[in-house]
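**Student:** I'd like to go over a predicted model; first the sequence, then the structure.
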Amino acid sequence: MDRPSPGAVESVPTRLGPLSVETIGSGPPALLWHSLFVDSTTWVRVREPLAATRRLVIVDGPAHGRSAAPEDLFTLEDCAGAALDVLRHLGIDEPVDWVGNAWGGHVGITFAAAHARHVRSLATIGAPVHALTAPERRQINLLVPIYRAVGAVGPVLGPLTTALLGEGADPGTAALIAEAFSGPERRGMARAIRSASLEREDLTPTLTSVPAPTLFVAGADDATWLPDAAAAAAARLPSGGWAVLPGAGHVAPLLEAAPALVSLLTTFWQDPDAVNSLHQSPSESTA
């Protein structure tokens, strides 16, 4: 299994309680926020190459990884505020390059709209801007009580792994997902699922309020965030582009197309203002 080189880890006080934050690398700051259900270990295959050019601030979101679980439900605005608390605690006042996977992308969109001066660029990976569909909501509502009762067992872990990685995921990659999901306290994770997924509103109206250059990355075979949807969302942004990487689930591009993702992000960071011309099809991204 992948084992990252350790960075400096500390527990940072925020409005959502203590969050575990790791810093690694040097250069301008970039903040990384992971997907719901997993934790910061999912950056394992991109963190060191990205840290070659950036000081990475890698956050474990509330109720995930080594971070505390809030006692109450929380919103994306609360998460964005907690991210601001992290930056202030670390003494980072310059704009950051935000990279968010799924939930982290939703927090990033909210953060960029509310705290524009703190964002140099925004990249989201596998982060649909629309709210859950009715079938998605029904499936999660069926699985959460099972999870709360017995934990990350097969009937819960199987559908989750498929949603995050697609069918037939590599066993080592699937094990990383299982380990990340199995660690947190179950009641806190259940509240996070309700807060960040079931209660999440459509973010489409927020897009016009995001001034930072923004890149939406979709997995080529991610059924819930198709390339056409990413392109349509990017068109609503004041400065937006889109790209497609291999992968069939929200987390798949991080773990199954890591070199391509690193190349895409570092190119984007070199000239974020050129994002409007970045309209990359699946065939172009996998060539």
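**Tutor:** It's in.

**Student:** pLDDT below threshold where in the chain?
**Tutor:** Low-confidence segments of the chain (pLDDT under 70): 1-5, 280-287.

**Student:** Send me the lengthiest helix in it as CSV with only the CA atoms.
**Tutor:** In the chain, taking DSSP state H as the definition, the longest helix is helix 134-150. Provided in CSV are the C-alpha atoms of helix 134-150 (Å, rounded to 0.1, in the frame of the first residue of the first chain):
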residue,chain,number,x,y,z
ALA,A,134,-33.5,11.4,-5.9
PRO,A,135,-32.1,7.9,-6.6
GLU,A,136,-28.7,8.9,-5.1
ARG,A,137,-30.5,10.3,-2.0
ARG,A,138,-32.5,7.1,-1.6
GLN,A,139,-29.4,4.9,-1.8
ILE,A,140,-27.5,6.9,0.9
ASN,A,141,-30.6,7.0,3.1
LEU,A,142,-30.7,3.2,2.9
LEU,A,143,-27.0,2.7,3.6
VAL,A,144,-26.4,5.2,6.5
PRO,A,145,-28.5,3.3,9.1
ILE,A,146,-26.6,0.1,8.2
TYR,A,147,-23.3,1.9,8.5
ARG,A,148,-24.2,3.4,11.9
ALA,A,149,-25.3,0.0,13.2
VAL,A,150,-22.5,-2.2,12.0
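
**Student:** what comes up buried for that helix?
**Tutor:** The neighbour-count criterion (16 or more other CB atoms under 10 Å) identifies 140, 143, 144, 147 as the buried residues of helix 134-150. All C-beta spots, glycine's among them, are computed from the backbone N, C-alpha and C.

**Student:** got it, and stretch 118-135?
**Tutor:** 118-129, 132.

**Student:** Quote the end-to-end distance of it.
**Tutor:** 36 Å (CA to CA, to the nearest Å).

**Student:** Show me how far that stretch is from its chain's centre.
**Tutor:** Chain-centre distance of stretch 118-135: 8 Å, with CA atoms, centre = their mean, to the nearest Å.

**Student:** Can you give the contact residues for stretch 54-61?
**Tutor:** 7, 19-34, 36, 39-40, 43, 47, 50, 66-67, 79, 83, 86-87, 90, 92, 96-97, 103-104, 107, 192, 196, 269 (CB atoms under 8 Å, 6 or more residues apart in numbering).

**Student:** Tell me which entries of the residues you listed lie within helices.
**Tutor:** 47, 50, 79, 83, 86, 87, 103, 104, 107, 192, 269.

**Student:** need the contact list for the second one.
**Tutor:** So the one you mean is residue 50. 25, 30, 56, 99, 262, 265, 266.

**Student:** swap the cut-off to 10 Å and go again
**Tutor:** Residues in contact with residue 50 (CB atoms under 10 Å, 6 or more residues apart in numbering) are 24-25, 27, 30, 32, 43, 56, 58, 97, 99, 258, 261-262, 265-266, 269.
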